[in-house]
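>>> would you be able to build a 3D model of this:
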Amino acid sequence: MKGIISIFLIILSINIIASEKEEIDKKEIRLSAFHYPPYMDKTLENNGLFCELILEAYKAVGIDVEFNFYPLRRSTQYVIEGRSLGQLGTIWNFPIEEKGNLYFVPIFYYKIVGFYLKKNYKTIEIKNLNELRKYRISVILGSSDEQVLKSNENLIVESVSNMEQLFKQVYLGRSDIAFAVELSGINTLNNYYPEEIKKWGITEDYIQKINAHVVFSKKYPNYVEYAEKLKLGLMLIKENGIFSKIFKKYYEDYYEKNDIYIDMLENTEEIINAN
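Model (predicted):
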């Protein structure tokens, strides 16, 4: 009887090992994403800047990627539950209490800048948050920008629910400046104010730089292997220039400034001095 049990355990172990190896050697994986143009959008080539970076990174190590687009809340929940291998996003998308169940791989950073009308201000400089006291500010409800700006009690900050409302506040004179991720803000202006795009100014200073991550679920089988392969792929496409070319393509499409994309190649997380 003991011999039969031993044989059964050996066979079971072999099957488990084989199953794990097959999972690790998979040549195609699925990641979750959400609508956030031009970084993630099903209507764009290769699903947008963020998705294209991940496609190329995994391609460099022999893995194909498919993206499942969900509403942000559902996408986040699938990762928390382990139903999805990972999500393209940031740590801000996840509850603090879930951070221990997640593994973050930084890819690039979002730069949060201010958008204003040139007829009202020739330029706006932001060396610290207190310099914003003289402006009425609009931010997206629930964003990290909202948390940073509302942490300063001297500022007048109004929260709105979406990007269209964010810029409408400034356009209608209800706010002086709207804060948003640089490319997303430009994308919104191109969509809603295409004939008046040159009337808008963008601050050279930023209030925050936030790492964009692929957030892996520790509940998903072999998440470490896929995370490590992503890191390797990122290193390869940075060395061969593909990483830079992708950024350059999107910045030339959305922002007429040569070489501005170079500033996005370093991973960092920083908030402007609040004093």
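
>>> which residues in the protein form strands?
28-33, 64-69, 86-89, 102-117, 136-140, 156-160, 177-181, 200-217, 270-271 (DSSP state E).

>>> what packs against the fourth one?
Which is strand 102-117. In terms of contacts (3 or more CB pairs under 8 Å, 6 or more residues apart in numbering; DSSP states H and E), strand 102-117 is packed against helix 49-59, helix 163-171, strand 177-181, helix 182-192, strand 200-217, helix 223-239. Heads up, the C-betas are built off the backbone N, CA and C, glycines and all.

>>> for residue 190, which of the strands of the chain is the nearest?
Of all these, strand 200-217 sits nearest to residue 190, with 10.4 Å by CB to CB.

>>> partner strands of the closest one, with direction?
According to DSSP bridges, strand 200-217 forms sheet pairs with strand 86-89 (antiparallel), strand 102-117 (antiparallel), strand 270-271 (antiparallel).

>>> out of these, deepest packed?
strand 86-89 (a mean of 26; mean count of other CB atoms under 10 Å).

>>> averaged pLDDT, that strand. What do you get?
Throughout strand 86-89, pLDDT has a mean value of 96.

>>> let's have the strands of the chain in JSON lines, adding distance to residue 168.
As requested, the strands of the chain are arranged in JSON lines below (distance: least, CB to CB, whole Å):
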{"stretch": "strand 28-33", "distance to residue 168": "27"}
{"stretch": "strand 64-69", "distance to residue 168": "26"}
{"stretch": "strand 86-89", "distance to residue 168": "26"}
{"stretch": "strand 102-117", "distance to residue 168": "12"}
{"stretch": "strand 136-140", "distance to residue 168": "9"}
{"stretch": "strand 156-160", "distance to residue 168": "8"}
{"stretch": "strand 177-181", "distance to residue 168": "9"}
{"stretch": "strand 200-217", "distance to residue 168": "13"}
{"stretch": "strand 270-271", "distance to residue 168": "27"}
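
>>> how about the ones you listed, which one is nearest residue 78?
Per CB to CB, nearest to residue 78 of the strands of the chain: strand 28-33, 5.8 Å.

>>> which other residues reach that closest one?
With contact meaning CB atoms under 8 Å, 6 or more residues apart in numbering, strand 28-33 is reached by 40, 47, 50-51, 54, 58, 63-70, 75, 78-79, 84-88, 214, 226.

>>> ok, now with 6 Å
40, 64-70, 75, 78, 84-88 (CB atoms under 6 Å, 6 or more residues apart in numbering).

>>> check stretch 152-171 too.
So stretch 152-171 is in contact with 129, 132-133, 136-139, 141, 146, 149-150, 175, 178, 188, going by CB under 6 Å, 6+ apart.

>>> got the end-to-end distance for it?
End-to-end distance of stretch 152-171: 25 Å, with CA to CA, to the nearest Å as the criterion.

>>> buried residues in it?
155, 157-160, 163, 165-171 (16 or more other CB atoms under 10 Å).
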